[in-house]
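*Asks:* Sequence first, then the predicted structure, then my questions.
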Amino acid sequence: MAEQTKKFRLLLLLSAIPLLYACEYEPHKIYERVVDENVSPPEIQAVELNLDYDTIYLYAQKEIHFSFLSDNQKILAVRFTIDGTEQYLVNSNSGTFTLDYRMFNNGLHSLVLEVYTASGSGSIAEHLGAEGFLFSKSWVIVIDRDHSSGMRSDVSNGYLTLSWNRYHGYDIKEYTLYRWTQWNIRNEIARTNSCSFTDSTYVGEGTRYEVEVSTNKGGSLSWCMLELANELPKLTFFVSETNDNIIAWNKSKYYSAVDTFKLATSSGYSGIYTEVKSTRNPDDTTYITTALFGDNISLKLKLVPRNNILYSPSNYPRFESSLNTLLGFSFKPGVANYYHITQVSKDEFVYILNCDSLVRYSVSEKRVVERLGYKTNGCSMCNFVSFDVSASGKYLTTHVDCTQDVMLTNSGNLGNKIIRNLDYLSEQNQFTRIPASDVSTIILNKGNEGFYIYNFTGSSSLGFYKNKTGDGQGLAISMNGDYIFLKDDSLRLVYFDNTGFRNIWSQSRYNELKFCGFDGVNSDRFVIWDGSMFSFKHCSDFSTIYEFSLTDNLILSIDYHNQEMLTYVIGHLYVRSLTDGTLVKDIPTHLDPTNWFYSCILVNHAVICLAGIIYFIK
Amino acid sequence: MKKIIPVIFLLTMISIKGNSQQFSAGFQSGIGTFSMQQLKKLNEAAMKVLPFDTKVVENFPIYFYYRSSILMKIKRISFGPVYTFQSTGSRISGKDYSGEYRFDMIINSNAPGIYAEVDFLEQNKLQFSFYSIFGVLLSSLRMKEYLYILEETVTDNNYKFKAFNMFAEPGFRLSYPVKFLDIGINAGYQIQFGNKSFYFIENKNAKLVNPESEDPVKPGWNGFRFGLSVFYTF
């Protein structure tokens, strides 16, 4: 029993040990701070705040300077928000907030200023910034970032009038208007409180205007600008129906600011100008030049302003419009290379354009009626170098492609073409001429051996002329393909049928004719001119049909369709009747048509020159 | 695991009881003073960084300690294992209508050691003894920071640290036997030695330092111990 009691006591002792851990120290005291819960709010005084109006028009970066005083509690912070988003926060009673207008979209925004003060209670919350007084004020901000593009120009009574959008800020003193005199150099030309200004000195020479807003506090703001391109009258040239060469210009938009219009001309590119017209009448905008067809003249139209700060000899070019032109109706659009103008019908001619196109032009319609662009097959080369046409102009032959294939096309429809490789008969190159008839037979010269008469549409050789000498060749073929004009041991006109060649006429090959060829209308006719007598001959027996005296220097072209010819005597182009050689039109000119670049032809009563001009006779 | 060490000691001593020795098991409790100089400085530093005024309302005051031991007595000498639990703490406080701030530090130590006692004098059953304890101090520190402002808890953080040090406690004891118990009073002074500072419980490399002096902080258990003991002799 005693033993059991001892064990019980021991167990009681052991069970007390865990109680030790319940005896941990636990703090419990509290310090009650002394504070004043019912403190009155402070009076806030704005010592400085440069936001004078409830609506702020913001056209540029603005610095807001502020300083506040509180009569009791300390100012802890000043905060600016725009549209609810904090933009600036400073833990002070003063500072500068830079308002960058570029950060916001155009339109209305809300600016709120908040001034935070301590509460003055001394509480924990106050010390931690969680308790205090808040004073706020709001403004409406109007942002216009596009004001610089709001300048406009107009013309009123012949003067330039500028206008711009109003600056809505309350701090405006006036607008200052500047005008560029040189690049990035400007002169003040006006100060105004209006939103418009008439510049009586501007004649359209092109410049830049800038408007600045001057503020009451002496600042300035770049408000708007406008660049005006050159608007001087444009010189143009045209030919009247009576072949007068007329220089014209459009009426100046700013005519009231112009004192005098002066027109000067120069021959070619000499640079020596002679004043030919001076007028103060802005409606007088034409001048008829006495220069000749084909003359290259340069013109300058100078506008002398009534009053202009820029008008001085060094700046004269700014007031001038210029033009360089060939006198004559131009059928040449822009800069292009033309070659080989050739009549192909009563009203049309064909030429090579930039060596990659054949162009057909209608004289009566004064326009291009067809263009055949041809892309070389398999290699890079100039597509068209030359071509031949049949006596009437119906067919056109030329070489194409790297293999120098022969193309025959209908000149009335250039796209209707046939291309054949005829190297098996005679090796071709782009300089080999290919005379053709109106029945699609062609002369295919074979080196110095002779030539084939080849039926192009039938794709067969009709005959071969074997040269008697070493350098003969077929020169031309009549409309029906039955007469050949050739050069062999002599100059010959021969008749051809499927049985062979029969000589009609011949003369010494060294006694060259000044002009000869088959008639393009009558297949049995051949024309010949020895420099003094022009004759029409029957092909069949070379008998004379009619003839007349012709002593001009050169026959440039014969228009069989319209029975006229174009001849040349130094200083003159003559259009003559093909019936009797009488003069139809004398065209004085300085052109030299013996120079290939100025070569001319006659088509449908019009002289067409390769330089790109036309003289209409009727 | 460490909390069951005293129990194991006790059971071990019971099992080795022999006829030539006298065994006793006892429990002692009393009050102690605690220097905690470095933790007090830590409080001072904490107060300086607060933007509002506060006070240290409790600063590691005198508090109870608890001790249990099992002793074997041979002639005039008693010795055996002893376990001591001590606790104290501090509080920085500030409270007003807008909120409350508290920064509490509660420091405990579990201190196993060896107890030795020599009887000096015995008169009319009243016995006067000298004792000494050597042991280790397993200190644990818990910091609690709490901030409540305008009906919202802003901060409520707890941080725990530990430290390991040694100690010795010499003293005197006066006891009187009553039936099977031996009731006594004692007075001593605990001396902490060793230079180990607190480390963060989750990272031993993270030391607790005073932000002002940047010195590591260690516990300060130095102080007097006055207690009342009861021993059961068997």
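*Replies:* Cool, the structure landed.
*Asks:* For the rest of this, base every contact and every neighbour count on C-alpha atoms.
*Replies:* Will do.
*Asks:* Near chain A, which residues of chain B are found?
*Replies:* With CA under 8 Å from any CA of the partner chain as the criterion, chain B comes near chain A at residues B:7, B:51-55, B:57-58, B:63-64, B:66, B:68, B:85-91, B:93-100, B:104, B:106-108, B:149-150, B:234.
*Asks:* So what are the structural domains in chain A, by residue number?
*Replies:* Domain segmentation of chain A under automatic domain parsing yields A:44-143, A:147-228, A:235-327, A:378-509.
*Asks:* just to revisit the earlier point, list only those of the residues of chain B next to chain A flagged as buried.
*Replies:* B:7, B:52-55, B:57-58, B:63-64, B:66, B:68, B:85-91, B:93-100, B:104, B:106-108, B:149 (16 or more other CA atoms under 10 Å in any protein chain shown).
*Asks:* What segments of chain B are strands?
*Replies:* Per DSSP state E, chain B carries strands over the ranges B:22-32, B:55-59, B:63-74, B:77-96, B:99-123, B:126-149, B:152-178, B:181-193, B:199-200, B:203-207, B:223-233.
*Asks:* Put together JSON lines for these, with mean pLDDT and distance to residue A:29 on each row.
*Replies:* Putting these into JSON lines (pLDDT from 0 to 100; distance: least, CA to CA, whole Å) gives the following:
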{"stretch": "strand B:22-32", "mean pLDDT": "91", "distance to residue A:29": "20"}
{"stretch": "strand B:55-59", "mean pLDDT": "97", "distance to residue A:29": "6"}
{"stretch": "strand B:63-74", "mean pLDDT": "93", "distance to residue A:29": "15"}
{"stretch": "strand B:77-96", "mean pLDDT": "96", "distance to residue A:29": "8"}
{"stretch": "strand B:99-123", "mean pLDDT": "95", "distance to residue A:29": "10"}
{"stretch": "strand B:126-149", "mean pLDDT": "96", "distance to residue A:29": "14"}
{"stretch": "strand B:152-178", "mean pLDDT": "95", "distance to residue A:29": "18"}
{"stretch": "strand B:181-193", "mean pLDDT": "95", "distance to residue A:29": "27"}
{"stretch": "strand B:199-200", "mean pLDDT": "95", "distance to residue A:29": "27"}
{"stretch": "strand B:203-207", "mean pLDDT": "90", "distance to residue A:29": "29"}
{"stretch": "strand B:223-233", "mean pLDDT": "93", "distance to residue A:29": "23"}
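*Asks:* Reformat the ones you listed as CSV; add distance to residue A:37.
*Replies:* Putting these into CSV (distance: least, CA to CA, whole Å) gives the following:
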stretch, distance to residue A:37
strand B:22-32, 42
strand B:55-59, 20
strand B:63-74, 37
strand B:77-96, 9
strand B:99-123, 12
strand B:126-149, 14
strand B:152-178, 18
strand B:181-193, 48
strand B:199-200, 41
strand B:203-207, 41
strand B:223-233, 44
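*Asks:* Out of these, flag the one nearest residue A:439.
*Replies:* Of all these, strand B:152-178 sits nearest to residue A:439, with 109.9 Å by CA to CA.
*Asks:* Next one: residue B:144 relative to residue B:62, how far apart?
*Replies:* 21 Å (CA to CA, to the nearest Å).
*Asks:* try residue A:501
*Replies:* Going from residue A:501 to residue B:62 by CA to CA gives 151 Å.
*Asks:* next one: residue B:73
*Replies:* Taking CA to CA as the measure, residue B:73 falls 32 Å from residue B:62.
*Asks:* what's the offset of stretch A:110-128 from the middle of its chain?
*Replies:* Mean-position distance between stretch A:110-128 and its chain equals 67 Å (CA atoms, centre = their mean, to the nearest Å).
*Asks:* again with stretch A:66-77
*Replies:* 66 Å.
*Asks:* Contacts made by that stretch with the rest, please.
*Replies:* By CA atoms under 8 Å, 6 or more residues apart in numbering or on different chains, the surrounding residues in contact with stretch A:66-77 are A:41-50, A:89-96, A:115-120.
*Asks:* what about chain A, any weak spots by pLDDT?
*Replies:* A:1-22, A:380 (pLDDT under 70).
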